[in-house]
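Colleague: predicted model, plus sequence, below.
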Amino acid sequence: MANRQSGGSNTAGGGAQRPNGAPQNKICQFKLVLLGESAVGKSSLVLRFVKGQFHEYQESTIGAAFLTQTVMLDDTTVKFEIWDTAGQERYHSLAPMYYRGAQAAIVVYDITNQETFARAKTWVKELQRQASPNIVIALAGNKSDLSAKRMVDHDEAYAYADENGLLFMETSAKTAMNVTDIFLAIGMFL
Amino acid sequence: MLNVNKSSLWNFRNQQARIHSTSPKNSQNMEGSLSPDLHHDCETDMKFEQRGVCQKFSVNGKRRKETILIPGHLSITENKYGEYIEWKPDESKLKNGNTEASSTSQNFGSKYGASGGIQFHASKGDGRVEIKPETSSKEFLRPIKIELPEIRSFIVPPKAVPREIIFILSDGTTLNPFIFERGSPENLVIALERSLRITKSRSNSNGLYMVGLRKESAPTMPPSGVLPQGVAEILGVLPPEHAHNVGQIWGFMKEMKNDPYATACTTLAKFGHMALNGELPINVFPGGSSHQMADSVLRNGKLEESLNSDANELEADYTTNEEGYEVIFKPEKMGVELPPLTKTFRGQPLSQEQWLNYLDRDGRISNMNEIRKIVFYGGVEPMIRKHVWPILLGVYDSKSTYEERQYQFSEKTCYYNRMKMQWATVSEDQEERFSPFRDFKSLIEKDVSRTDRTLDYFKGENSRGTDILRNILMTYMMYNFNLGYVQGMSDILAPILMETQDEILAFWVFVKFMDLIETNFEMSQEGMQRQLKDSYTLLQLVDPKFSAYLEACDASNMYFAFRWLLIWFKREFTFQDTLILWEALWTGLPGPNFHLFIGLSILEQHSTTIMENKFGLSEILRHVNDLAMRIDLELTLTRAEAMYLQVSPPEVTDKLPNKLRVILGLPEKEEPLNETMEIVEDTDGAASSSQSTPLHTSNAEAGPSSSSGGGDGVEVSGVQRSSGSDSSLERQYEMGVNQFM
Ligand SMILES: Nc1nc2c(ncn2[C@@H]2O[C@H](COP(=O)(O)OP(=O)(O)OP(=O)(O)O)[C@@H](O)[C@H]2O)c(=O)[nH]1
Ligand SMILES: [Mg+2]
């Protein structure tokens, strides 16, 4: 089997022990930051991706949280270092310190709330202006399970993402739809 | 780790990628799109197994910390991909539906060992509290599987009964403790030693052990954030003669500019041994691979700066012992000799009897200062909190009579109801044209629905607690529309509301509390910035080594303490502990900015762990966030007080630069000091010259006159104090008290 089942962040760590003599894997590691209005589901997306869990009453993030997840993409080990930030406008001034040096960002909005989409756009602008120039930005329209209450049109968001060269997916931290995918899409892009 | 087949991903937009969860860390990922371990065929060797090992969860219980013990077994396994440590819940016991709850307090006594089954316990005196497994057990029953090289260190607390072990992973994660109902951690450690190189930490008093890979399996690439232990050994440690010249080390580092990668791998490794053992107070390699390490060393302007300028300044003192070199940064130039820490004690909470004794016939309080001291040392008995809080916080004057208070309360009730009517009568139509109102309202909605919802009082759709929480926050918005609502405020209110269960009283207590911390929520965030900066300044005074460490890993902005300071540690402790802490802080004792010392005290308890694990910026944040519900409040409070007393005697404060004097609420000195303490000057010196944190204001005004009244030696029953806390303590009391006058 081609897949190597080693795990953890320091995959090379056990290299010498591996009997199957697989060629040395590529390892890449990158910093990813989540941005977006409060309560759009940033922490929920991370929790889903990293632990496979969902909490209905996920508490608001104060300051920031740091989590890691390691993924095997064929023969490459990709380690995500994820910074989850607080969404409220008031704490905006902290954000630059978190997206500084990030290779990727996921800007999240809530498909049931038009204002969060507007806010996502300003985040994208800010990143394009101030983050590192070749940062990969993904746009996530979260809470896609609540399509009955949809306020942000899929095609509109898609068109916006297209114009701005963003990866785009509608996600649901609740049902797990597209959650791992959006992270991996970024991973592959890099 | 997730295993993914790339080709299947190209269609990610239309279909779920095939993802196999094979990560040790994420073998828990058995929901959603992640399928469990698919390598059934893979042969697994059991190298060690111990039954009767519980995983211990600490959760915020209704009244205090609830500890949940899930029985299971711990094993070390090996398959062709690697070696793992695994914990699995005990299926047989679960199937029996044995969910008997047993009661123990935070220290598990003898009650602990006997009963099997899932020990959901809530320590409510003697009460046995049952937590229905279907509601809460799911997340407690996840198996754990960690690849051995993931382990960075572990702690075996020497005094814990029953014995336990706590693993710390390379990304800074702290696992829940494993409690040995049978067997002992030592047996596990012996088994681990077959695969891992385990060394006692230098300052082993806390039972910390560092983990490295055995030489034969030394990694070709280092694990994240760690200098590869093997490399240093293979390449040899820095020769002793070099070790005596710290400048040379810095010199080596400068070379990295020319050929970062090679230099990182060779030269640096030479003194890696010292760094490895935690003697060098820097995390040389906060990044990942050697390339990144080198990179980050270069990118890190601060470090580079210190290479160029500080090399000669830093006075390092080396002592050699059997284990190698110990580098102690003896910051002689910066140092103000601090007296040793005195031992401080906690006391009993203010009882109803004591309280009534302090009230005269009409309800006036005879000696508010004594009450403050008792509350500072022991908190307030829950029964009388409703009466004590409003006075402690100044909702009512301590000289008011029962009658006056009653009258004021009825006035405050009317006022509250009036403001409540104001928002309650804003029609949807009005809202449309009232966007600031609408924005605050929507923020409140978002937060109310996710504030402490696991606690009974706030549980369920539209629980009573949640409704009242919303009412009070909406009313506060009308009371103080300039501030309105800011995230974090619901956290401040929730414990107060749950304890008083009285909408109007909780509101006015909340108002007074907010007066103390309003600057935390300002738009400019200046208040927070200032407190973070002040914390670092204090840290430079009380723990220069750790402050240098933080500086070196770019963490001197102390952002990891943001949550602590914003909501006064509410997320770090259970409600009961939070309230005891807040009560202490509300007294204003022993002086201004004591809340910053709470943070320092917590840090001090973990600085060794952080430095020896060589955590970088992100891992420190992770570690600090993981401390929630694991911090010992009594220890934290007593150490914080001891630290405060350490820096506040006149012999010390006389030598302090103004920057520190201001933080301690002392008047600035006029004549320029011959700087006895050289604190790295910040780019913006604003904080030191202007008023510092919110709690200073009145103290700075009180000035020297207030500091002369010490030495009265007031003895308070129920308050134990060490003989060391003498007149300076009294002085601090007076000052602290003054801020409320
Ligand atoms: N229905 C649904 N609810 C979701 C989804 N993702 C998150 N939520 C809920 O939305 C609320 C907010 O989620 P969070 O993950 O805390 O949001 P956040 O963006 O991290 O918010 P801040 O930390 O305040 O910035 C929580 O109550 C979640 O349960 C989703 O995909 N579907
Ligand atoms: Mg969040």
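Modeller: Okay, I see it. Ligands and ions are numbered 1, 2, ... in the order given.

Colleague: leaving out chain neighbours, which residue sits closest to the residue in chain B positioned nearest to ligand 2?
Modeller: Relative to ligand 2, the nearest point of chain B is residue B:450 (9.3 Å; C-beta to the ion). Just so you know, the C-beta spots here come from the backbone N, C-alpha and C atoms, and that holds for glycine as well. Spatially, and ignoring its direct neighbours in sequence, residue B:450 is nearest to residue A:57 (4.9 Å; C-beta to C-beta, 6 or more residues apart in numbering or on different chains).

Colleague: state the distance from that neighbour to residue A:160.
Modeller: Counting by C-beta to C-beta, to the nearest Å, the gap from residue A:57 to residue A:160 is 31 Å.

Colleague: helices and strands around the helix or strand harbouring residue A:65, which ones?
Modeller: Assigned by DSSP states H and E, residue A:65 belongs to strand A:64-73. Helices and strands touching strand A:64-73, by 3 or more C-beta pairs under 8 Å, 6 or more residues apart in numbering or on different chains; DSSP states H and E, are helix A:42-51, strand A:76-85, helix A:179-189, strand B:2-4, helix B:617-626.

Colleague: could you give the mean pLDDT of the fourth one?
Modeller: It stands for strand B:2-4. Throughout strand B:2-4, pLDDT has a mean value of 53.

Colleague: so, low pLDDT: which residues of chain B?
Modeller: Filtered on pLDDT under 70, chain B yields the residue ranges B:1-42, B:61-65, B:92-138, B:203-205, B:213-335, B:671-741.

Colleague: and the stretch 401-550 of chain B, which residues reach chain A?
Modeller: B:443, B:446-447, B:449-454, B:486-488, B:491, B:521, B:523, B:525 (C-beta under 8 Å from any C-beta of the partner chain).

Colleague: follow-up on the earlier one: hang on, the residue nearest to residue B:450 packs against residue B:448?
Modeller: No: with contacts counted by C-beta atoms under 8 Å, residue A:57 stays clear of residue B:448, the gap being 10.7 Å.

Colleague: looking at those two, which is more packed in?
Modeller: A direct count of neighbours by other C-beta atoms under 10 Å in any protein chain shown for residue A:57 and residue B:448 places residue B:448 higher, at 24 against 12.

Colleague: excluding chain neighbours, what is closest to the more buried one?
Modeller: Once flanking residues are discounted, residue B:448 sits nearest to residue B:470: 4.7 Å by C-beta to C-beta, 6+ apart.

Colleague: distance check, the one you found against residue B:84.
Modeller: Residue B:470 sits at a distance of 47 Å from residue B:84 (criterion: C-beta to C-beta).

Colleague: how about residue B:605?
Modeller: Distance of residue B:605 to residue B:84, given as C-beta to C-beta: 30 Å.

Colleague: higher neighbour count, the two?
Modeller: residue B:84 (22 against 16).

Colleague: what does stretch B:390-405 contact?
Modeller: For stretch B:390-405, the surrounding residues in contact (C-beta atoms under 8 Å, 6 or more residues apart in numbering or on different chains) are B:362-365, B:368, B:371-372, B:375, B:380, B:389, B:408, B:412, B:505, B:508-509, B:511-513, B:583, B:586-587, B:740.

Colleague: apologies, that question was intended for stretch B:350-369.
Modeller: Residues outside stretch B:350-369 that contact it (C-beta under 8 Å, 6+ apart): B:370-371, B:374-375, B:378-381, B:383-384, B:387-388, B:391, B:398-403, B:405, B:714, B:717-718, B:733, B:737.
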